[in-house]
Every structure is written in structure tokens, then in C-alpha cells.
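>>> what shape does this take:
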Amino acid sequence: MNKKPIKGTNLQGSTLCLGGSGLGSTLTMEQSFYLMDAYVDRGGNLIDTAQVYANWLPIEASISEKTIGLWMKARKNRHAMIVTTKGGHPLLESMDKPRLSPEDIATDIEGSLRQLQVDTIDMYILHRDDASQPVGAILEPLHEHRQAGKIRYFGCSNWTTRRIEEAQRYAEERGIQGFTSNQVMWSLAEADPANFADPTLVAMDDEMNRHHVQTGLCAMPYSAQAQGLFSKWDSGAYSRDDEAISPTYRSAANWERFERARQLASELSCSVTQIALRYLIDQPFTTLPIIGCRTPEQLQDSLSAEDIRLTQEQLAYLDGKALVQP
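Predicted coordinates for the structure are as follows:
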């Protein structure tokens, strides 16, 4: 798998990042190890996780981080991996109460270090924002943890463009490190924020896209396959207006995007999943889409997006900005 430089760091991330939310929970430990082994065998070096992953299930807390930590220890491959995780998520029973105080940040970093069984986290990502705080009150503790060697770089997730810009200005003015990545909801299927079950989520929009183009800030799209929407439409598992489709994605516009993706997939002899992922990969700034795979077959299909390329005309066609045929 190809590697891409992450601006502002010395890290080279693999083109596709393996999503880790189900590791050790919806996937058994054996299945999790097998999937991570298969991903690394294809050249992957980036597995996405978070302190909160699977804490909504009645199982051991932070099981995703712990599973990755056990796997890296068993495989003795920590040196080959970019260790990344997210913290600062509200408690699940009080999602309206942010957790980004210096004490919360310190607690989550220390917990993730233990659970991942590492001394340093290569990329530490704030899972949510606390817009009631000035950005400096959040960045300064991260800067201190970086100076202490507990994290190397840090990023954000579910921050608005305005808050990201404020943070980057603050960091530049004070000569400290700013955000080096942004995990944002983004896929070829457009998400409708009006139908988010969780209002603290933030999706890619035109304003944020312009910020990434102008600054080169690395984007790590989550929900990059829109909960498998296009592949389920393609297989017939979902009808066009199936009620099983999340309201976030159920729209006539997304059906039209699917039909364009299916036509292009036919032209290029690949799957609609590969088209959807390649759409993200071929953006004019570094993107490291997070793939949610539960089986080796799904992993193979997603990773094969590396085998195709999309032209600017094809990208515009998928966006519905061009009327020409692919």
C-alpha cells in the first residue's frame, strides 16, 4: 500500500486506514488479529481507534485500544505502526457535557497509553470540541503532553472549520504545534446534518473542504463508506428508499450519486466501494480514509481501491458537477 506524508509531521500514513471500532467487541479477538494481520500484510500502518470505542456495549471498557495493544505486543510491530487514538469524548450518559478540561485530557491520554501498551502516541486526536472554551485552553495541555513525550502530534475530530482555523491561528501566533489532522464525517454519499442522531458530529462541507485545499491539512474521513450504503444498494440488500437506510444518507441525491458511481465502476471494472473510496483518496490534499471492514473479503475489496485512479473529470462527474459521461 502506498504511503502519504502527513503535513506538519514526519509520519507517512498508508493510503487507507483500518477502522478499529469493532476490534475486540463485534469482532472476536481472533477475528480482530486476523483482520489486522491481513491489513498489515498489504502494507497498512494506520489503525483508527478511540478510548470510547465499544464502551456502549456491556463489555470491558476501551476494548478496541486494548485489542490493538495486545496485537502489537504479540506481533512485536509497534515500530512499524502509526499509533493513533482519540480522547476527550463526553461520557456516554452525558453527551451534552464536554470533557476537554486539562484533567480530562490527561486522564484520557494516560488511559490510552496503558491500554495500547505504548510510551508515546504518534497521533492523538480530540474526539469532540468544547466550543465554550477558548482554543488556547485546549491546545496548551496538548502542547505540554507533547513536550513530555506522551504524544508526538495531535489532531481534531468533529470540530467546525471556524474552530479549526482559530486553533491553527493560536498555534502559529504562539509558536506551538497546531492540528496536523482532521477526522471528519465524509463520503461520496452526502450526509445530512439535520438528521444526525448525535448533534456533536461534524461533516465535511464546502467551507471545510476549502480550508483543507488551502492549508494542506490532512483529512481522515470517517464513515467513508456511508455505512456501506452504495454496496448494499448495488447488491440489492437495500431498495432505493429502504427504511433501513439511515436518514443521514437516505436521499434522492445520494441515489443519483450511487448511479453515477455504479456506471463508473462498470467502466473501470471495479466495485462501487472502490469508486467511493477512490473519490476520497484522489482529492487535492492528503486524505487517509478510514475503512470499516468486518471480513477479509470486505477488507480486500476496500484495499483494492489502490488499484484504480480517477481523473478530475471523473471526480467532477461523481459530484454531479459535470454532465459528460465518464
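
>>> break down the stretch 51-200 of the chain into its helices, ranges please.
In the stretch 51-200 of the chain, the segments counted as helices under DSSP state H, counting those that start in this stretch are 63-75, 102-116, 135-147, 161-174.

>>> the longest one: which residues count as buried?
In terms of neighbour count (16 or more other Cβ atoms under 10 Å), helix 102-116 has its buried residues at 104-105, 108-109, 111-113, 115-116. Using the backbone N, CA and C atoms, a C-beta is placed for each residue, glycine as well.

>>> show me where the chain has strands.
For the chain, the strands defined by DSSP state E occupy 3-5, 12-14, 17-19, 46-48, 82-87, 121-126, 151-157, 181-185, 218-222, 290-291.

>>> okay, now the sheet partners of the fifth one, with direction.
The reference is to strand 82-87. strand 46-48 (parallel), strand 121-126 (parallel) (DSSP bridges).

>>> what's in contact with that strand?
With contact meaning Cβ atoms under 8 Å, 6 or more residues apart in numbering, strand 82-87 is reached by 11, 13, 45-52, 65, 72, 105, 108-109, 111-112, 116, 118, 120-127, 157, 183.

>>> pLDDT on it, on average?
Averaging pLDDT along strand 82-87 gives 97.

>>> got the angle between that strand and helix 63-75?
Interaxial angle, strand 82-87 versus helix 63-75 (axes from the mean of the first three to the mean of the last three Cα atoms, to 10 degrees): 160 degrees.

>>> now strand 82-87: buried residues?
Buried-residue list, strand 82-87, by 16+ other Cβ under 10 Å: 82-87.

>>> now those residues as a markdown table including distance to residue 94?
Output for the buried residues of strand 82-87, formatted as a markdown table (distance: Cβ to Cβ, whole Å):
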| residue | distance to residue 94 |
| --- | --- |
| 82 | 32 |
| 83 | 29 |
| 84 | 26 |
| 85 | 21 |
| 86 | 18 |
| 87 | 16 |
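
>>> could you point out the member of the residues you listed that lies closest to residue 248?
Using Cβ to Cβ, residue 86 is the member of the buried residues of strand 82-87 that lies nearest residue 248, at 20.4 Å.

>>> at the geometric centre of the protein, which residue do we find?
residue 222 (3.5 Å; Cα atoms, centre = their mean).

>>> distance of the residue nearest to it when sequence neighbours are not counted relative to residue 302?
Spatial nearest neighbour of residue 222, chain neighbours left out: residue 290 (5.0 Å); criterion: Cβ to Cβ, 6 or more residues apart in numbering. Going from residue 290 to residue 302 by Cβ to Cβ, to the nearest Å gives 10 Å.

>>> mean pLDDT added to the strands paired with strand 82-87, as TSV?
Output for these, formatted as TSV (pLDDT from 0 to 100):
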stretch	mean pLDDT
strand 46-48	98
strand 121-126	98
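
>>> residues near the closest residue to residue 221 other than its chain neighbours, how many?
Leaving aside its chain neighbours, residue 221 sits nearest to residue 186 (3.8 Å; criterion: Cβ to Cβ, 6+ apart). Residue 186: 28 surrounding residues under other Cβ atoms under 10 Å.

>>> over to residue 167?
The tally of other residues near residue 167 (other Cβ under 10 Å) stands at 22.

>>> what sits against it?
135, 138-139, 156, 159, 178-179.

>>> how much space separates it from residue 212?
Taken as Cβ to Cβ, the span from residue 167 to residue 212 is 14 Å.

>>> ok, now residue 243?
Computed as Cβ to Cβ, the residue 243 to residue 212 distance reads 34 Å.

>>> what about those two, which has more around it?
Counted by other Cβ under 10 Å, residue 243 and residue 212 do not tie: residue 212 has more neighbours, with 21 against 8.

>>> how close does the residue nearest to the more buried one when sequence neighbours are not counted get to residue 218?
Once flanking residues are discounted, residue 212 sits nearest to residue 285: 4.8 Å by Cβ to Cβ, 6+ apart. Remark: distance between residue 285 and residue 218 (Cβ to Cβ) = 7 Å.

>>> and the nearest residue to residue 198 once chain neighbours are set aside, how many neighbours?
Once flanking residues are discounted, residue 198 sits nearest to residue 95: 7.0 Å by Cβ to Cβ, 6+ apart. Residue 95: 13 surrounding residues under other Cβ under 10 Å.

>>> thought residue 95 was touching residue 201?
No. Contact criterion Cβ atoms under 8 Å: residue 95 and residue 201 do not qualify, at 10.8 Å.

>>> where's the closest residue to residue 251 other than its chain neighbours relative to residue 245, distance?
Excluding the flanking residues, the one nearest residue 251 by Cβ to Cβ, 6+ apart is residue 192, at 6.7 Å. Per Cβ to Cβ, residue 192 is found 12 Å from residue 245.
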